[in-house]
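A.B. asks: Sequence first, predicted model second:
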Amino acid sequence: MAGRIGLNELSPQIAGGYPAKAVVGQAITIGATVFREGHDAVAANVVWRPPADGTPGDGAPAGTGEQAPLVMLQREASWSTRYTATVVPDRMGMWTYQVEAWSDPLGTWHHAVEVKAAAGQSAEEMANDLETGALLLEQIVARPHQRYAGAITAAIDALRDTSRSVAERIGPALSPELWPVLTADPIRELITTSPVMEIWVDRKLAEFGSWYEFFPRSSGAEVDESGRPVRHGTFADSVLQLDRAQSMGFDIVYLPPIHPIGEVNRKGPNTPAEPGGTIHPQPWDVGSPWAIGSAAGGHDAVHPDLGTIDDFDTFVAAARDRGLEVALDLALQCAPDHPWVQSNPEWFTTRPDGSIAYAENPPKKYQDIYPLNFDNDPDGLYAEVLRVVNFWIDHGITVFRVDNPHTKPINFWEWLIGQVHRTHPEVIFLAEAFTKPAMMHELARLGYTQSYTYFTWRTEKQELTDYAVELVEASDYMRPNFFVNTPDILHASLQFGGPAMFAIRAVLAATLSPTWGVYSGYELFEHEAVKPGSEEYANSEKYALRPRDYGRALATGGSLEPLITRLNELRRAHPALQQMKGLWFHGISNDKLLCYSRRDEVSGDTVIVVVCLDSREQQWGQTDLDMPRLGLDWDDVVEVVDELSGETYHWGTRNTVGLNPNWRTAHVLRVVRR
Ligand SMILES: O=P(O)(O)O[C@H]1O[C@H](CO)[C@@H](O[C@H]2O[C@H](CO)[C@@H](O)[C@H](O)[C@H]2O)[C@H](O)[C@H]1O
C-alpha cells in the first residue's frame, strides 16, 4: 500500500527479503526514493540500529526497541528524488535500518520565503509566510531542553517585526548560524516508514582475506618411487606449512577433511583410465579425505595418522600464533563405514533392495560416499550437524569451507548458519558450489559468507569483465572467493599456458577479488593433467600423499612464492583491494590486455591494474582511462608507481602499455596523490 509520503526503492535490499551483508567498519550507503504530491518539501532520515543483543557502540543505543539517533538522508541532487546516507557498523551481528520519509514544513517555508523575497514580494504579500515561519519556530523553541532558545526567540521576534524589511525579518531564521540548529532536529510531519530492513555485519575477514589450501597428510610425508606411502604427514609436520603460509601473507589455511577415511569402497590413485580415482585400490592406498568416517570415527574425529585431537588443538594454536585462522572442510556425506550409517540409517536413502546409492555430481561419481537424506529425520540430522559444527568451533575453528552445499536443501543451510551466527557471528562459511547461478546466488543470500566462483573458467578479456561486473552488482549479498586452482580444477589455461599464466592468474585473482585462494602446488607451477581434456591433476593429491620440496623450488628460482607474497603485501597495504565495490574497467586498445582500477572512496586509495592475458607474446596497447573513476579530472596527469617493479610513470587518460609475459605480466599501479 502507498504511504502518505512516497517512499520506495530502498537499498541495500536483497531479493527474497534476506539481509544484505557488510563488514565491521564498512561505510554502507543507505538509499531511498522519496517524493510527494504537489510542491511541498519532503525529507527523510534513517533509523540505524545495532544488534538487539549487542553492547552500545559510539552514540548508538543497543536494542531495537530503543530510540536510535536519526541519520538524515541527503538528496543526491536538487532535482533528484533519490536520497542517501552513509552509516558505519562498529560490531558484528544483525543491524537494522528503517527509512522515515516526511513532509518538511521548514523546508517548504524556506523555499517559499526565499523565492518570494527574491521575486520582490512585499511584507504585506508575504504576511502569512512570515507568520507561518514564526509559528514553526515557536514549535521548536517550545521543545524541552532547547539550548538555543535565545537565538530562536530573537528570530521569531524578527519575523513579526513589521518595522523591518522582508530581508531583515527572514534573515535571522535563515542565517548560517541558526538554520542548521533548526534543521538538526527538524519538524517532521506525515511520517511514513519503510519496513525494517536487515544488514548482517561480519568481521572484515569475511570480505577480505587470502586463503592457502593444503593437505596436512602430505606435509612431511614420504613415498617410494611408485608413489606408495612410506610416511604419512601429521598435524605436527604441518606447522611447516603454517610458516610458509604466514611468510606468503595468507590469512587462512584451509584443510581438506581431516577425519578418518572410510575403508569400504575406498578410492585409489588417479589413473588416466579412472580420472576420478581408481575404485580398485591397493591396501596401502590412503583414500580420498572427503570419504569421511570409519571405525575410527566420523565428522567429530581426526584421522589417527594425522595425530590426536590434542595435536589438532596444538596445530590450531600454532596457526593463531602466526596470525592465521584454520578453515575446516564441512563435507556432509559419509563413507559406507561411517558410524552414522549404523547408528542412524534413517539419515540415508535406502533403495527397495536395502542398499544405499553412492553420491554423484554428474558426471562425477563418488562411489566411496553416501549422500545424506535431510528429509527423513530433519530434527535428528539438523541437531547432529549443529553439534558437529559447534564441536569444531569449540576447538578453535572459525571458518568452514562447505563441500557441495548445492546438493543439500537450502532451508537446512539457512537454519544452520542462522543457528551458528546467533552465538558465533564471527564464523565464516564458504560455499563450494559450482552449479546453476540461481542456486549459487540463493546460497549467498540465505547466509553463506563467501562463495566459490566461475573465475577459473573465465580467461578472456570480455568474459572476465562481464563476470567481475556481475559480481560487483551482487556484492551486497555475495562475496566471491577467487581460487586460482583447486584439487579438482586444473584449468586448461594452466595446463598449457606455461609459468607466465600462473603469474597472470594470480595477479587477476588477487586484484579482481578481495578474497582469493591458492591450492598448494600452484607456486610450483604444477600443470600436468591426468589425461587430455581433463581438469584433474595427474597423481592427484585427493587420492595419494604428495610431498613437495617447496624450499628447493624457491632456492632455484622455480617458485611463484615471491609474486604471491608481494601480491598479499599489496592487498594488505591497499584498502582499494579489500572490497568488491569500487572496481571499474577502463578501455585499452588490445583484446589481450585487461585494464581496471579499484578505488576506496573513504581513503581515496586508488590502484590501476593492467594485465597481459597472453602468456606467450608481448602485447602493446593504449589505455583510455576514465579519469573521474580514479578521483581525477579528465586532463590530470599523475604519478603512478608500479608496486611490482618499483618503476614510476606519469599517466593521463592515454598511456602506451607494453607487457611481456616473460618479464612483466602486469602493472599494479598505485596512484600517487600530492
Ligand atoms: O562435487 P565437487 O566437484 O564440487 O567436488 C567437491 O566434492 C566432492 C565430493 O565430496 C569431492 O570429491 C572428492 O571426494 C569424493 C569422496 O571421497 C571422491 O569420490 C572424489 O573422487 C573426489 O574428487 C571434491 O574433491 C570436492 O571438491
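C.D. replies: All right, it came through fine.
A.B. asks: use CA for all of it now, contacts and neighbours both
C.D. replies: OK.
A.B. asks: Surely residue 670 is in a strand?
C.D. replies: Yes: assigned with DSSP: H, G, I helix; E, B strand; the rest coil, residue 670 falls within a strand.
A.B. asks: pretty sure it is touching residue 645, no?
C.D. replies: No: the pair residue 670 / residue 645 is not scored as a contact, 11.6 Å apart, by Cα atoms under 8 Å.
A.B. asks: Neighbour count: the two, which is higher?
C.D. replies: Using other Cα atoms under 10 Å as the criterion, residue 670 and residue 645 rank with residue 670 on top: 20 against 12.
A.B. asks: Could you measure from the more buried one over to residue 577?
C.D. replies: Distance, residue 670 to residue 577, using Cα to Cα, to the nearest Å: 11 Å.
A.B. asks: Overlap in contacts, these two.
C.D. replies: residue 607 (Cα atoms under 8 Å, 6 or more residues apart in numbering).
A.B. asks: Kindly check the end-to-end length of stretch 628-647 for me.
C.D. replies: 24 Å.
A.B. asks: How about residues contacting it?
C.D. replies: Counting by Cα under 8 Å, 6+ apart, 566, 570, 584, 597, 599, 604, 606, 626-627, 648-653, 667-673 sit against stretch 628-647.
A.B. asks: Show me what the mean pLDDT comes to for the helix or strand where residue 101 lies.
C.D. replies: Counting by DSSP states H and E, the element that carries residue 101 is strand 93-103. Strand 93-103 comes out with an average pLDDT of 97.
A.B. asks: Output that strand as CSV, restricted to C-alpha atoms.
C.D. replies: Presented in CSV, the C-alpha positions along strand 93-103 are these (Å, rounded to 0.1, in the frame of the first residue of the first chain):
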residue,chain,number,x,y,z
GLY,A,93,25.6,-9.1,14.1
MET,A,94,22.2,-8.2,12.7
TRP,A,95,21.8,-4.5,12.3
THR,A,96,18.6,-2.9,11.0
TYR,A,97,17.7,0.2,9.2
GLN,A,98,14.4,1.8,8.6
VAL,A,99,13.8,4.9,6.5
GLU,A,100,11.4,7.5,7.6
ALA,A,101,10.2,9.9,4.9
TRP,A,102,8.2,13.0,5.9
SER,A,103,6.7,16.3,5.0
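A.B. asks: chain center to whatever helix or strand comes next after that strand: distance?
C.D. replies: Note on strand 93-103: by DSSP H and E, the next helix or strand toward the C-terminus is helix 105-118. Put simply, helix 105-118 sits 46 Å off its chain's centre (Cα atoms, centre = their mean, to the nearest Å).
A.B. asks: With stretch 235-254 instead?
C.D. replies: Here stretch 235-254 shows a centroid-to-chain-centroid distance of 23 Å under the convention Cα atoms, centre = their mean.
A.B. asks: likewise stretch 132-151?
C.D. replies: In terms of Cα atoms, centre = their mean, the centre of stretch 132-151 is set 47 Å apart from its chain centre.
A.B. asks: quick one: low-confidence ranges for the stretch 151-300 of the chain?
C.D. replies: Nowhere does the stretch 151-300 of the chain drop to pLDDT under 70.
A.B. asks: so how far is residue 118 from residue 231?
C.D. replies: Residue 231 sits 90 Å away from residue 118, going by Cα to Cα.
A.B. asks: And the residue located most distally from the centre of the chain, how far from residue 157?
C.D. replies: Relative to the centre of the chain, the most outlying C-alpha is that of residue 163, 63.9 Å out, by Cα atoms, centre = their mean. Noted for residue 163: a distance of 11 Å to residue 157, by Cα to Cα.
A.B. asks: now residue 443
C.D. replies: On the measure of Cα to Cα, residue 443 and residue 157 end up 62 Å apart.
A.B. asks: Looking at the two, which one has more neighbours?
C.D. replies: residue 443 (26 against 14).
A.B. asks: what about the more buried one, which SS state?
C.D. replies: Residue 443 - assigned by three-state DSSP - is helix.
A.B. asks: who touches it in this structure?
C.D. replies: Neighbour list for residue 443: 405-406, 410, 413, 431 [criterion: Cα under 8 Å, 6+ apart].
A.B. asks: Filter those residues down to the buried ones and hand me the PyMOL line.
C.D. replies: The following PyMOL line selects those of these that are buried, judged by 16 or more other Cα atoms under 10 Å:
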select buried, resi 405+406+413+431
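A.B. asks: Serialize the contacts of residue 443 to CSV and add fields for pLDDT.
C.D. replies: Shown next, in CSV, are these (pLDDT from 0 to 100):
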residue, pLDDT
405, 98
406, 96
410, 98
413, 98
431, 98
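A.B. asks: Could you check how many residues crowd around residue 656?
C.D. replies: Per other Cα under 10 Å, the neighbour tally for residue 656 reads 12.
A.B. asks: Please consider this matter closed, and thank you.
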